[in-house]
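Peer 1: my questions are about this predicted structure, shown below with the sequence.
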Amino acid sequence: MNVFKKIKWFLAILGVFLIILSTNLIDKDNFLKVEKAVENIYNERLLAKELLLGVSIQFHEKELAYALNDSIYLQSQNKIVNEKITGLLKMFDRTGATRKEKVILNELNGNHKKLIHLESKTQEKDTLYSSYCADIFSDINTNISDLSAVQVKEGKNQKFYARDALNTAKLFSEIEIYMLIFLAVLLQIVILYNPKKKSNEI
């Protein structure tokens, strides 16, 4: 095998190697995007939705106690429930809340503080569920509904992000197959091509 043939072999094999390497790196990047999207769907969406459900349940229990004028609840359970709500909201904030979620979350925390302040000022014989209290609960329910809507939207965004990454990975996999077929044919032509030397004309 002469030097020219060795160079042809080397360049052909190097070309195949570089094509395979580049497409594999692109595939790896796309699969990492899918993996990240799946983790985000669980860590930032499903977990946050579970925490939001817990907050909603606690507030509904509190509102029911207010509506029933349940003074026993205020004395025995209210402080514990407030601590649970505060803890759940802090956990929600740590799930990677978006800017919009943080704005709504700040409003929700503010409304919760208003409720706690109202509870501290309420005398034992006062009617708990005043019109002002009802307005606070209405704002809280709006905040929770808004957060739920954002959760659905962000969950869909992550789904589309993962789907696009998978489609891109599929596309490059198909391109890789066609490129390998093309290179295999080209490699055969390069290796087998042996131009005949023209004989010197007399």
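Peer 2: Structure's in. What do you need?

Peer 1: I'd like to know how many residues surround S22.
Peer 2: Per other CB atoms under 10 Å, the neighbour tally for S22 reads 13. All C-beta atoms are positioned from the backbone trio N, CA, C, and that covers glycine.

Peer 1: what residues are up against it?
Peer 2: For S22, the contact set (CB atoms under 8 Å, 6 or more residues apart in numbering) is empty.

Peer 1: that one: which element?
Peer 2: Using DSSP states H and E, S22 maps to helix 3-40.

Peer 1: report the longest helix in the chain, please.
Peer 2: helix 131-192 (DSSP state H).

Peer 1: can you tell me how far L118 is from I13?
Peer 2: 78 Å (CB to CB, to the nearest Å).

Peer 1: I should have written L105 there, sorry.
Peer 2: The value you get for L105 to I13, if CB to CB is used, is 57 Å.

Peer 1: what does K49 give?
Peer 2: Counting by CB to CB - K49 and I13 are separated by 52 Å.

Peer 1: ok, Y66 next?
Peer 2: 78 Å.

Peer 1: and if you look at Y73?
Peer 2: In this view, Y73 and I13 are 78 Å apart by CB to CB.

Peer 1: so which of these two has more stuff around it?
Peer 2: Each of Y73 and I13 has its neighbours counted (other CB under 10 Å); Y73 has more, 17 against 12.

Peer 1: now for that one: which residues touch it?
Peer 2: K62, A65.

Peer 1: helix or strand right after the helix or strand containing it?
Peer 2: Taking DSSP H and E as the definition, Y73 sits inside helix 71-76. Using DSSP H and E, the helix or strand that follows helix 71-76 in sequence is helix 78-93.
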